[in-house]
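**Student:** I'll drop the sequence and a predicted model, then ask my questions.
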Amino acid sequence: MDHNKQHETSHKPIKRNEMTRRQFLSYTLGGATAFMAGGAIIPMLRFAVDPLLQKKAETAFVKAIEEKDVTKEPKSIDFKVHQVDGWYESDPKLQAFVAKDDSGKIFALSPVCKHLGCTISWSGDEAPNLYHCPCHGARYTKDGKNLKVAPKPLDEYQVKVENGWVYLGPLESNTRV
Ligand code: FES
């Protein structure tokens, strides 16, 4: 081999598969940045969606009135329920008409008129022994059956009686008529 040829061969750049310093730095910096960004963003995401992922707690029954105070005559009572809706918690005041039927079973009706949502009243000169609505004159029986104007019976609260107290649960469609 002549001298020139030998010289060329010895200075040919060596091809290596190793990572260059530049690549190493960009991978390391990229990884560290992604790690730090994840550390900041994941808690924020979790905070944002957490209430949506939580299992909705069973709607609790609320202690409403002593069993001994319930008669066959519907009685208007106010009670509060604790509501959690996503990020928003509230304790709205609700109203119910609680009464006993002829067999002594306690039931509770919603006072919200099924026509356009006004609040109904029980009995009086205008409609003796009926629920009546002051807005457009709807009438309902003691069981909540719609007699005129309103298209549907009054909604009914789920009721539980325990240790001398009446507890009210969620509203449902009237089961009595
Ligand atoms: S809202 Fe009750 S009759 Fe119209």
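**Tutor:** Nice, I can see it. Residues are numbered from 1 along each chain as shown.

**Student:** What residues does Asn129 make contact with?
**Tutor:** Ser123, Lys142 (CB atoms under 8 Å, 6 or more residues apart in numbering). C-beta: built from backbone N, CA, C; applies to glycine.

**Student:** Got the confidence number for it?
**Tutor:** As predicted, Asn129 sits at a pLDDT of 97.

**Student:** same deal with Glu8?
**Tutor:** 51.

**Student:** could you point out which element follows the longest helix that the chain contains?
**Tutor:** Longest helix of the chain, by residue count under DSSP state H: helix 21-53. Note on helix 21-53: by DSSP states H and E, the next helix or strand toward the C-terminus is strand 62-66.

**Student:** quick one: buried residues of the next helix or strand after that following strand?
**Tutor:** Per DSSP H and E, the first helix or strand lying C-terminal to strand 62-66 is strand 75-80. Neighbour counts over strand 75-80 (16 or more other CB atoms under 10 Å) mark Ile77, Phe79 as buried.

**Student:** Output the contacting helices and strands for strand 75-80.
**Tutor:** Applying 3 or more CB pairs under 8 Å, 6 or more residues apart in numbering; DSSP states H and E, we find strand 75-80 packed against strand 62-66, strand 93-100.

**Student:** Packing partners of the longest one?
**Tutor:** Read it as strand 93-100. strand 62-66, strand 75-80, strand 106-109, strand 165-172.

**Student:** before we move on, back to that, deepest-packed of the helices and strands packed on strand 75-80, please.
**Tutor:** Most buried of the helices and strands packed on strand 75-80, by mean neighbour count (mean count of other CB atoms under 10 Å): strand 93-100, with a mean of 18.

**Student:** Next, the angle strand 165-172 makes with that strand.
**Tutor:** Per axes from the mean of the first three to the mean of the last three CA atoms, to 10 degrees, the angle that strand 93-100 makes with strand 165-172 is 110 degrees.

**Student:** Parallel or antiparallel, which strands does strand 93-100 pair with?
**Tutor:** Strand pairing for strand 93-100, determined by DSSP bridges: strand 75-80 (antiparallel), strand 106-109 (antiparallel).

**Student:** Which residues of the chain lie near the ligand?
**Tutor:** Applying CB under 6 Å from any ligand atom, one finds that the chain approaches the ligand through Cys113, His115, Leu116, Gly117, Cys118, Cys133, Cys135, His136, Gly137, Ala138, Val149.

**Student:** Identify the farthest-apart pair in those residues.
**Tutor:** Gly117 and Gly137 (14.6 Å; CB to CB).
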